[in-house]
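Asks: Got a predicted structure plus its sequence, pasted below:
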Amino acid sequence: MMSIYKINFDQFYQRTDFSEMLAALERGFKKFHVDFYLVGAVARDLWMTAINEIPTSRITKDIDFAIFIEGKDIYESLKRYLVEIEHFQPSKGNNFVLLWQGKMQVDLLPFGNIEDENAKVSVEGTGLTSLNMPGFKEIYDSGLPEVELEGEHRFKFCTLPGIVILKLIAWEDRPEMRSGDLKDIMTILFHFFEMYTDQIYEHHSDLFGNDDFGLHLIAARVMGREMKKIAARNEKLYDRITKLLDKNTLDVNTSEIAKIMAKLANTSVEESLKPLSEIRLGFQDR
């Protein structure tokens with residue numbers, strides 16, 4: 001049974017019109033029998049700030065929902081309803097984006113039966129019409145926690161291991177633009193032990209007892225194990241994460257991720273490689 005977290009807007013640090021936007025979306029999702037979960041930076045902030053009272057450093061303007069879609073016609077009908085009835089505005093250059101009141105960007109990221117065998121989604125329109133969605137279905141199938149917001153809204157949101165998987169993939173797809181994803185991974189890893197303490201003691205007690213093994217490295221190892229539970233549901237996804245972790249832990253001189261993390265954290269590449277290596281070991285465990 002996944003957890004349900006009750007929070008209020010003060011804890012969530014979202015704008016006041018977030019509630020109206022969410023209500024409008026929820027009406028659309030309900031009408032078309034679409035299940036959804038929150039991903040991206042707002043899901044990160046839910047874990048960090050709202051649930052665990054850890055301040056986050058990156059401010060985000062857009063909000064991302066992963067939505068389980070059976071086919072393209074449902075996706076198009078949902079978007080049409082949200083524009084015509086709920087007064088969202090379409091984005092000129094991106095067919096997966098709607099705007100709320102002209103200023104809040106809402107990304108509707110479709111996954112499920114709408115994907116082809118390579119986890120790619122293509123829709124009609126001009127501008128951006130295709131997205132790669134690896135990991136979204138596997139995260140959904142692994143079980144998601146829920147949040148109850150002000151007693152009014154209840155929705156699922158991405159797990160922390162799920163967030164790390166999606167951020168690794170996003171970085172690998174566009175490394176020149178996505179160093180912020182690696183910064184987020186570092187922040188999550190830094191606080192992962194305190195956010196996941198109960199589960200770590202309950203399910204990963206075999207990692208305690210080695211005095212050289214700091215809590216943050218235990219947490220990184222657990223992160224790898226939890227990521228594996230998700231990725232093991234899909235051979236392509238599992239192979240991709242395995243290769244990415246192998247490539248970036250093989251050698252201190254060739255690890256692009258460790259180099260960027262070292263620069264961001266103002267530490268040595270060797271130091272940044274340690275938690276990364278533990279994630280890889282966890283990913284290979286059991």
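Replies: Perfect, I can see it now. Keep in mind it's a predicted model, so treat the numbers as computed, not measured.
Asks: Every contact and neighbour count from this point should use C-alpha atoms.
Replies: Noted.
Asks: So, low pLDDT: which residues of the stretch 1-150 of the chain?
Replies: In the predicted model of the stretch 1-150 of the chain, residues 1, 12-16, 57-61 satisfy pLDDT under 70.
Asks: need the helices for it, in chain order.
Replies: Along the stretch 1-150 of the chain, counting by DSSP state H, counting those that start in this stretch, helices occupy 9-12, 18-31, 40-45, 72-84, 136-141.
Asks: CSV please, covering these and showing distance to Ser268.
Replies: Shown next, in CSV, are the helices of the stretch 1-150 of the chain (distance: least, Cα to Cα, whole Å):
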stretch, distance to Ser268
helix 9-12, 34
helix 18-31, 41
helix 40-45, 26
helix 72-84, 47
helix 136-141, 33
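Asks: As a markdown table, the ones you listed with mean neighbour count would be great.
Replies: A markdown table is the format used below for the helices of the stretch 1-150 of the chain (neighbours: other Cα atoms under 10 Å):
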| stretch | mean neighbour count |
| --- | --- |
| helix 9-12 | 14 |
| helix 18-31 | 16 |
| helix 40-45 | 22 |
| helix 72-84 | 17 |
| helix 136-141 | 20 |
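Asks: Which of the helices or strands spans the residue nearest the centre of the chain?
Replies: The centre of the chain sits closest to Ile163, judged by Cα atoms, centre = their mean, with a distance of 2.8 Å. Here Ile163 is covered by helix 160-173, with elements defined by DSSP states H and E.
Asks: Show me what counts as buried in the helix or strand just after that helix.
Replies: Following helix 160-173 in sequence order, the next helix or strand is helix 179-195 (DSSP H and E). Residues of helix 179-195 classed as buried: 179, 181-190, 192-193, 195 (neighbour count, 16 or more other Cα atoms under 10 Å).
Asks: What residues sit buried inside the next helix-or-strand element following helix 179-195?
Replies: Counting by DSSP H and E, the next helix or strand C-terminal to helix 179-195 is helix 197-203. Within helix 197-203, the residues scored as buried using 16+ other Cα under 10 Å are Ile200.
Asks: on contacts alone, who are the packing partners of helix 197-203?
Replies: Contact partners of helix 197-203 among helices and strands, from 3 or more Cα pairs under 8 Å, 6 or more residues apart in numbering; DSSP states H and E: none.
Asks: could you redo the last one with a cut-off of 10 Å?
Replies: Where contact means 3 or more Cα pairs under 10 Å, 6 or more residues apart in numbering; DSSP states H and E, helix 197-203 is packed against helix 179-195, helix 215-231.
Asks: Quick one: distance of it to the chain centre.
Replies: Relative to its chain's centre, helix 197-203 lies at 22 Å (Cα atoms, centre = their mean, to the nearest Å).
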